[in-house]
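>>> Here is a sequence together with a model predicted from it:
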Amino acid sequence: MTQAKIPERFKNIYRIIYLVFFFIALVITALIVYWQKGGIKPNRLYLVDHISFSSQNNSKDYYHDFDHDGFSEKISFEYGRDTREIEMRFFAEEKKATGQWNFSGKWLVGAVYFADYDGDAYDETYFFTKANDSLFLYSIDPRKRNQFLLYRQFLATAPRPNPHPRKIWDLRKPEMVFFDADNDGYQECFINLVAYYSLQPRALIRFDIDQRKITARTPDSGAYIVGPTVVDLDGDGIPEILMKKCIAFETYRSPFPYKDNNAYLMVFDKDLNFFFEPKVFPYYSSRIKNIPYSINNRAFIVTSYSYNGHLNINPKIFLYNRQGQKLREKKLPIDERIYPFIITRNNHEQLYLLSQTSGNILKPNFNLDIVETIKPESPISDISRMIDLDGDFKEEIFCRTKKGRYAILSHDFKYMYTLPPLGLQNMTINFVGRGKAGHEILIKKRNELYRFKFASNPLYGWRYLLFIILDIFIYFVLLAIFLAGQKASSILLVHKNLFQFTQNGLCIINHRAKITYVNGNFERHLYLSKHIDKNAPLFESLEERPIVIEFAKTLMAQRIFQEKEINLRTNQGVTPILLRGSVIKGVLKIPAGFLIETVLQSSKVTNQKLEIWTNTVQKMAHDIKTPLTTVQLLTQGLRLRLKEYGIPDQTPIEKDFSTIEQELSRIREMTRHFLRFTNLGKPNLQWTSLQEIANRLLEKFAVYLKDGLQIKLELDKKYDRCLVDPALLEMVFQIIIENSIDAMASKGVILISSTVIEKIEENFKRYLEIEIVDNGPGIDPSVINQVFDPFFTTKENGTGMGLTLAKKIIDDHEGKIDIWSVPGKSTHVKILLPYKEEFEEDQTADR
């Protein structure tokens with residue numbers, strides 16, 4: 001036997017579904033990647049360790065690679081509340097102190113520097129204290145335990161008298177740079193000292209560590225300049241010192257050289273003389289930032305200027321050569337704030353500008369024209385440091401975003417890695433060298449310590465494969481959800497049918513024609529020689545019943561309700577079976593499977609017996625009519641003869657003759673109705689308008705409508721067309737309305753309404769529901785269950801066959817009729833007729 005195939009059209013539906021799910025999975029994957037800001041990144045930032053202290057730790061830690069092996073050692077300053085008694089420890093390893101130093105005085109927190117002044121490849125530590133309005137310098141070599149290289153070296157004192165309104169010395173944190181200024185093989189330290197309202201000192205001094213004395217000082221100046229940076233501007237191998245920032249505070253009220261009512265670009269030589277004449281940037285509240293910039297081994301200075309006062313002055317960018325000559329000037333929008341910085345790639349420096357207004361990074365050319373705008377994942381407000389965190393010899397940008405979070409921006413600006421929201425208050429950040437692995441990030445916040453690692457991401461090289469895997473995974477998840485919904489729908493229907501059709505055979509197949517459920521009745525009804533296994537192909541399991549296979553193929557191809565009567569020939573004889581097929585609709589009404597039912601047609605045998613009985617009864621009725629007519633004629637003849645003999649009409653004999661004639665007439669009428677009942681043929685179904693039937697009824701009962709009777713129609717026009725025998729249905733309506741008129745004595749209201757309903761217990765089968773309601777006296781509850789019985793009547797001259805005839809007609813339409821009543825108020829008659837749309841029938845006929 002040739003194996004039956006699943007209809008191609010049905011396969012195409014599922015192919016389209018699979019394709020749609022694939023594209024949905026692709027879109028979801030793309031959205032996930034976008035939400036993750038690029039998906040898998042080249043690096044990953046993760047928390048290595050989190051330590052909580054039992055109490056607040058009053059210490060300040062600094063990490064530095066003293067021996068230049070790539071690994072950081074730690075210097076820890078431990079102090080009390082006033083930072084006047086300091087204990088300093090050196091840790092060659094994280095938890096093992098190898099040296100300790102104690103000193104007194106107000107330690108200047110944060111002013112800690114490292115340098116190798118003597119060139120022995122091991123750095124020293126430098127720090128400061130204040131005592132009695134004096135500033136002192138300290139230094140240690142961590143290899144020399146408990147010994148100071150410099151101890152309490154005097155540097156400066158507060159001015160007398162002190163111009164500060166509160167008479168305090170508001171000295172800013174000192175800044176230091178180192179280089180060998182006198183070619184003696186030892187580096188000198190250059191210390192920048194700046195006071196605010198105390199005004200002095202505002203100078204850069206050169207301190208000779210070996211001689212323990214100050215050997216040079218910048219000219220007298222009131223300029224508020226900070227940020228000394230070592231740079232060789234003239235290329236002679238001898239560094240100059242560029243002051244990176246200057247702010248016009250206007251704290252000086254008396255004449256003084258380079259008063260701080262202006263900002264200045266200042267560069268000093270090794271002897272702290274002006275390298276070129278300072279460049280003036282006027283107006284109080286002005287500020288500048290200067291950075292060195294090299295192009296083709298030629299040194300330049302980039303200066304950003306901004307003004308925060310009430311005047312309408314635009315910020316600007318300037319480019320100066322090594323002689324301090326202005327080469328370029330670029331005006332910026334008035335609300336712009338610029339932070340210039342340099343990125344070095346392949347030994348080539350590139351200037352960038354951080355727009356602190358928008359948080360974007362701007363790339364200018366040599367003419368300072370903006371040629372590119374780079375938008376980081378999160379807008380940046382400030383750049384803290386540039387450092388190689390992952391050991392790839394490329395510096396990352398450690399910055400702060402406008403959302404108040406610290407973040408790492410890759411050297412090419414493509415990726416951003418944001419640290420958790422730890423807050424910015426009371427936070428200390430250190431970068432710990434880990435050799436070739438780069439640097440770790442240590443964040444200390446009160447009594448908690450966080451250690452983060454920034455490293456290459458091993459998954460980055462597999463990102464495209466992982467993207468495909470994620471897409472496939474999402475696709476199968478969506479498909480699994482869809483198929484689970486389909487299966488759930490079929491299981492729900494199975495259980496519903498198990499309760500409603502336990503006498504029927506049930507078989508459910510999925511869209512691939514595989515059996516997902518089968519009960520024992522299905523196998524027994526079809527007299528199968530072998531057991532049907534779950535998940536087995538239907539077409540293989542029913543090879544011995546090809547007619548059922550063809551029915552299943554038709555059901556799958558047309559996807560509408562199917563019925564077919566078959567005669568199954570077996571060793572036990574011929575068994576009539578009704579095959580029913582329905583579609584199990586799943587998610588979005590997409591077919592999830594199909595239900596095939598087998599119904600034994602034992603009623604056919606009953607109908608055959610009923611037909612024989614009907615024919616016999618009809619013959620008996622005809623046989624009764626002849627003698628009944630003879631008796632009736634003889635009775636009438638006897639009455640005439642009695643009159644001839646002069647017997648009066650009012651005698652008892654005459655009354656008996658009247659009774660005989662009435663009963664004979666009643667028997668004759670009953671015989672007529674019974675013949676009418678047995679002569680009903682199979683309904684001639686045709687598309688009919690329910691409104692037209694109702695209109696004909698109104699015409700028939702028009703005479704009653706004049707005497708206080710009302711017949712109201714509330715028919716749903718949407719469901720007007722129905723497949724019925726119009727003559728028989730009109731007969732049913734007539735019987736019911738006549739009964740209502742008799743009960744109401746021709747006065748009252750009869751309401752006829754219609755709609756379409758779905759019977760849940762019958763697999764949502766649709767019925768045309770017709771209700772006929774009157775407001776008559778109702779029916780006695782004790783007899784309401786007998787109203788459809790033949791010959792039952794409550795009327796004096798009734799035959800008891802009207803409602804029996806109506807029920808027979810509705811049953812022949814495969815419908816249902818029911819009556820209930822509210823005594824003294826109303827009677828309800830409900831008729832249910834199988835309903836289908838007219839176009840559905842036409843499509844079935846076309847096929």
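Done, it's in.
>>> Give the residue spans of the stretch 151-300 of the chain that score low on pLDDT.
Along the stretch 151-300 of the chain, no part satisfies pLDDT under 70.
>>> Kindly provide the distance from residue 583 to residue 538.
Here residue 583 is placed at a distance of 15 Å from residue 538 (C-beta to C-beta, to the nearest Å). Bear in mind the C-beta positions are built from the backbone N, C-alpha and C, glycine included.
>>> same thing with residue 360?
Residue 360 sits 65 Å away from residue 538, going by C-beta to C-beta.
>>> Could you check which of those two is surrounded by more residues?
Neighbours around residue 360 and residue 538, counted as other C-beta atoms under 10 Å, are more numerous at residue 538. The numbers are 26 against 15.
>>> May I have the phi/psi pair for that one?
With angles defined as degrees, to the nearest 10, residue 538 sits at phi -60, psi -40.
>>> The one 10 residues further on too?
Dihedral pair for residue 548: phi -70, psi -40, per degrees, to the nearest 10.
>>> Likewise for the one 3 residues further on?
Here the main-chain torsion angles of residue 551 (degrees, to the nearest 10) amount to phi -60, psi -40.
>>> List the contacts of it.
Residues counted as contacts of residue 551 (C-beta atoms under 8 Å, 6 or more residues apart in numbering) are 562, 564, 579, 581, 596.
>>> same thing but at 10 Å, please
By C-beta atoms under 10 Å, 6 or more residues apart in numbering, the contact set of residue 551 is 542, 545, 562-564, 566, 579-581, 596.
>>> Distance check, it against residue 776.
Applying C-beta to C-beta, the value for residue 551 to residue 776 is 49 Å.
>>> Count the residues that sit near the residue lying closest to residue 812 once chain neighbours are set aside.
In this structure, residue 812 finds its nearest non-sequential neighbour in residue 683, 5.2 Å apart by C-beta to C-beta, 6 or more residues apart in numbering. Residues within reach of residue 683, counting by other C-beta under 10 Å, total 18.
>>> Is residue 683 in contact with residue 809, as I believe?
Yes - the pair residue 683 / residue 809 is scored as a contact, 7.4 Å apart, by C-beta atoms under 10 Å.
>>> looking at the sheet around residue 753, what are its partners?
residue 714, residue 771 (DSSP bridges).
>>> picking that back up, out of the contacts of residue 551, which comes closest to residue 764?
Ranked by distance to residue 764 (C-beta to C-beta), the contacts of residue 551 are led by residue 580 at 13.5 Å.
>>> Assumed the closest one was part of a helix.
No - when DSSP: H, G, I helix; E, B strand; the rest coil is applied, residue 580 is found to be strand, with no helix at that position.
>>> Give me the number of neighbouring residues for the closest residue to it other than its chain neighbours.
Leaving aside its chain neighbours, residue 580 sits nearest to residue 597 (4.2 Å; criterion: C-beta to C-beta, 6+ apart). Residues lying near residue 597 (other C-beta under 10 Å) number 21.
>>> Strand partners (parallel or antiparallel) of the strand or helix carrying residue 597?
Residue 597 belongs to strand 591-600 when assigned by DSSP states H and E. In the sheet, strand 591-600 lines up against strand 505-509 (antiparallel), strand 573-585 (antiparallel) (DSSP bridges).
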